[in-house]
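K.L.:
sequence first, then the predicted structure:
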Amino acid sequence: MAYDIEQVKAVYDELTAKVKADLDEQFNKGRLKGTDYANVYSTLMNTCLQLAFQAPLNEEQTKLYERQRQGFDDNFKFKMFDSQMNAWSIMFSSGMLTAKPSIVSNDEVSKLYNNFKKEFGVV
C-alpha cells in the first residue's frame with residue numbers, strides 16, 4: 001500500500017502535540033528531569049511515528065472488514081432468493097402448484113431480481 005504522506009503527517013502532528021503537552025506538564029511538575037525527559041521524549045516520538053504509519057493501514061483494514069461483512073449480507077440475500085426460486089420451481093414442475101404464486105405472476109420476482117442486479121453492481 002502506498003502511504004498518503006499528508007495523512008501520516010496529520011496523524012503524527014496530532015499525536016506529537018498531545019504527547020508534548022503531557023511531557024511538558026510532567027516536566028513542569030518535576031516528575032521528569034534531565035536525561036529522563038530526553039529518553040522518554042525520544043521513545044514517545046518514535047512510537048508516534050510508528051503509530052502515524054499504522055493509522056492508514058488500520059483504516060484500510062477496517063474498510064476491508066466492513067466490505068467483507070457486507071459480502072456476507074449480500075450472500076445471505078442471494079441464497080434466500082435462490083432457495084425460494086428453486087422451491088417454487090420444484091413445486092410448480094412437480095404439479096404441487098397449479099398456478100403461479102402471486103409474486104411470480106405479478107412480476108414482483110423480476111423487480112426483486114433487478115434490484116439484486118442493481119445492488120450488486122451488475123446492471
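P.N.:
Good, I have the coordinates.
K.L.:
confidence-wise, which helix or strand of the chain is lowest on average?
P.N.:
helix 102-105 (a mean of 72; mean pLDDT, DSSP states H and E).
K.L.:
which residue packs closest to V19, ignoring adjacent ones?
P.N.:
Among residues not flanking V19 along the chain, L44 sits closest, at 4.9 Å (Cβ to Cβ, 6 or more residues apart in numbering). Every residue, glycine included, has its C-beta placed from N, CA and C.
K.L.:
number of residues surrounding the one you found?
P.N.:
17 (other Cβ atoms under 10 Å).
K.L.:
pLDDT wise, what is it at?
P.N.:
On the pLDDT scale, L44 is placed at 93.
K.L.:
how far away is it from Y65?
P.N.:
Distance of L44 to Y65, computed by Cβ to Cβ, to the nearest Å: 29 Å.
K.L.:
likewise S94?
P.N.:
Taken as Cβ to Cβ, the span from S94 to Y65 is 43 Å.
K.L.:
give me the secondary structure label for Y3.
P.N.:
Here Y3 is recorded as coil under DSSP: H, G, I helix; E, B strand; the rest coil.
K.L.:
my guess is it contacts P56. True?
P.N.:
Yes: at 6.0 Å, Y3 counts as touching P56 under the criterion of Cβ atoms under 8 Å.
K.L.:
compare neighbour counts for these two and give me the winner.
P.N.:
Remark: of Y3 and P56, P56 carries more neighbours, 17 against 12, as counted by other Cβ under 10 Å.
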